[in-house]
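Q: Give me a 3D structure for the following:
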Amino acid sequence: MKTSNFFFILCFFALLIFSNTQAMAQDETALRKTHFYIDDKVALQGYDAVSYFDNKPQEGSKKFSYTHLGITYLFVNQANMEKFKQNPSKYEPAYGGWCAYAIGKNAEKVEPNPKTFKIKDGRLLLFYNAFFNNTLDSWNKDEPALYKKSDANWKVIYK
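A: This is a model prediction of the structure:
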């Protein structure tokens with residue numbers, strides 16, 4: 001009798017932990033969908049997240065598509081998609097893929113240009129670049145302060 005009670009209690013707690021984990025994952029997915037920059041239902045305007053780390057951003061293909069916690073990414077090939085799957089946090093863009101400069105300077109979400117980027121401390125940063133305004137240039141002039149502010153501002157935005 002004691003064994004069956006222990007088993008019942010153990011199963012109850014396992015179910016409780018599992019359901020709580022599922023709810024947390026759903027909350028995180030909803031949060032990401034709210035705050036990540038998505039264009040035409042994909043992140044990075046369809047560019048391959050892994051290709052940035054080879055310093056050659058390339059447009060991905062719907063043939064190589066992977067969704068991580070609600071955010072869909074495209075890749076140029078199966079190898080890049082597998083790299084991403086192994087460690088998504090390594091390749092996902094900082095600040096939800098929004099312009100790093102705008103996040104740091106004004107705590108604003110501004111659409112980036114997927115070809116204007118920088119890898120800083122192993123993180124992919126994207127920048128607005130249009131109408132004679134390349135925010136990467138402004139970022140580079142005050143990078144230490146803006147980088148710190150971007151991280152702080154993103155923590156406030158990403159709630």
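Q: tell me which residues of stretch 91-106 are tucked away?
A: Applying a neighbour-count criterion of 16 or more other C-beta atoms under 10 Å, one finds 91-105 buried in stretch 91-106. Yep, even glycine has a C-beta here, placed from its N, CA and C like the rest.
Q: Can you find the helix or strand of this structure with the lowest average pLDDT?
A: Of all the helices and strands that make up the chain, the one with the lowest confidence by mean pLDDT, DSSP states H and E is helix 2-35; it has a mean of 55.
Q: Quick check: what element follows that helix along the chain?
A: Next along the chain after helix 2-35, taking DSSP states H and E as the criterion, comes strand 38-39.
Q: After that following strand, heading C-terminal, what element do we hit next?
A: Using DSSP H and E, the next helix or strand after strand 38-39 towards the C-terminus is strand 42-43.
Q: gap between that next one and the chain center?
A: 10 Å (C-alpha atoms, centre = their mean, to the nearest Å).
Q: Now do that strand, average pLDDT.
A: Across strand 42-43, pLDDT averages out at 98.
Q: Quick one: mean pLDDT for the very next helix or strand once past it?
A: Later in the chain than strand 42-43, the nearest helix or strand by DSSP H and E is helix 49-52. When the per-residue pLDDT values of helix 49-52 are averaged, the result is 98.
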